[in-house]
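K.L.:
Here you go, sequence then predicted model.
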Number of protein chains: 2
Amino acid sequence: MPPTTPRRADARRNISAILDAAQACLVADPAASMQDVARAAGVGRVTLYAHFGSRAELLDAVFTQVIADAERALAEVDLDGDERQALGRLIASSWRIVERSRLLLHAAQLELPADQIREHHRRPLDRVEKLIERGRQAGTFRTDLPVTWMTAVVYNVIHGAADEVTAGRLTLEQAPDVITTTLLSAFAPPAPTRRY
Amino acid sequence: MPPTTPRRADARRNISAILDAAQACLVADPAASMQDVARAAGVGRVTLYAHFGSRAELLDAVFTQVIADAERALAEVDLDGDERQALGRLIASSWRIVERSRLLLHAAQLELPADQIREHHRRPLDRVEKLIERGRQAGTFRTDLPVTWMTAVVYNVIHGAADEVTAGRLTLEQAPDVITTTLLSAFAPPAPTRRY
């Protein structure tokens, strides 16, 4: 590395290497230690801790990066037209992201509080909520349940599916159809004969 | 305490006092420390750690006790007759338990891995799975989704509701109806015209 490289560029490079290494380590082993990450990133423990004071802090930063990448992918999903089909496309796209980051989510669940993990999903969930709201106005989705609740059901059913895959009770291939069928059935406007 | 009390009875009494105190402390404050629990139980730190080597171990023991109590209540729910109504009664009863132990669950989520928490729910979930299986055979519930998945949806929707109540987005009173409506809609056999 030439001596003219500014210190700040070094720091940026280190942070970037640490985040990439942490993501790779945590996907390979949700229990990966700070030492494992430092080794994989090619930095010393002192450098690692200078940037991330604890394992929870590092996990939070990795999560922030993964969600930012996910946001870019989800922003490109075509949400025009029928809201049921749009929700299906959004679920399929979300599932590809959850599938990739499932083991990272598992690592995060071991260390971060549930509401901190949920807070990371605020922007993707805002998109879901807007789509549900639109479907309610169009008469495609039911209006007898709170919209915040329906959004929470999307979140919990998708993440529940990730847990089921991790536990070996559902396959990666089954998941998107099973999630979509479940959610579209739950969100369909109730027919009078189907009320209990 | 009379000097004739055997040592084992002392230990039993201490463990029982610690578990009760831990439950009360954790419901009042999910971040309650081992020291808080020792103080509330009227035992020293040494005694506390002699029985529970770590906060996670104590939380796991509290959870085991809460689930055992819950099991006794759930075993009394009448599951005869129409499976939709039986599931509604099981949800109502489960929700009363979740409502009582919601803050404890929150404390557990801060410390215990998701799959360890799920494992604690094995027996209540076995009961749900059997009821769903019966409803599938009776034609009351859909058969085009795996029964393990439908069981997981019950678990995730109920616990999702607990998180929504904790976050202030759903009231305790709304929850059981909202959960039941969501699950019965999701589990209804699909009408040909409702397929997408």
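P.N.:
Arrived safely.
K.L.:
Tell me who's in contact with A:Gly166.
P.N.:
No, residue A:166 isn't Gly; it's Thr. A:Arg102, A:Leu103, A:His106, B:Asp115 (C-beta atoms under 8 Å, 6 or more residues apart in numbering or on different chains). Heads up, the C-betas are built off the backbone N, CA and C, glycines and all.
K.L.:
hang on, the first one packs against A:Val165?
P.N.:
In other words, A:Arg102. Yes: counting by C-beta atoms under 8 Å, A:Val165 is a contact partner of A:Arg102 at 6.5 Å.
K.L.:
re earlier: where strands are concerned, which of the contacts of A:Thr166 count?
P.N.:
Judged by DSSP state E, strands contain none of the contacts of A:Thr166.
K.L.:
what's around A:His120, how many residues?
P.N.:
19 (other C-beta atoms under 10 Å in any protein chain shown).
K.L.:
The lowest-mean-pLDDT helix or strand in chain A vs chain B: in contact?
P.N.:
Using mean pLDDT, DSSP states H and E, the weakest-scoring helix or strand in chain A turns out to be helix A:114-120, at a mean of 82. Yes: counting by C-beta under 8 Å from any C-beta of the partner chain, chain B has neighbours in helix A:114-120: A:Ala114, A:Asp115, A:Arg118.
K.L.:
Quick one: buried ones out of those residues?
P.N.:
Buried members of the residues of helix A:114-120 next to chain B, counted by 16 or more other C-beta atoms under 10 Å in any protein chain shown: A:Ala114, A:Arg118.
K.L.:
Can you tell me which of the residues of helix A:114-120 next to chain B is closest to chain B?
P.N.:
A:Ala114 (4.7 Å; C-beta to the nearest C-beta).
K.L.:
Which residues are in contact with that closest one?
P.N.:
By C-beta under 8 Å, 6+ apart, the contact list for A:Ala114 reads B:His106, B:Gln109, B:Leu110, B:Asp163.
K.L.:
In this model B:Ala31 seems to touch the first one, though I could be wrong.
P.N.:
No: between B:His106 and B:Ala31 there is no contact, the gap being 9.8 Å when judged by C-beta under 8 Å.
K.L.:
neighbour-wise, which of the two wins?
P.N.:
Taking other C-beta under 10 Å, B:His106 and B:Ala31 do not tie; B:His106 has more neighbours (19 against 12).
K.L.:
Please convert the contacts of A:Thr166 to JSON lines, extending it with distance to B:Ala86.
P.N.:
Output for the contacts of A:Thr166, formatted as JSON lines (distance: C-beta to C-beta, whole Å):
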{"residue": "A:Arg102", "distance to B:Ala86": "34"}
{"residue": "A:Leu103", "distance to B:Ala86": "37"}
{"residue": "A:His106", "distance to B:Ala86": "34"}
{"residue": "B:Asp115", "distance to B:Ala86": "28"}
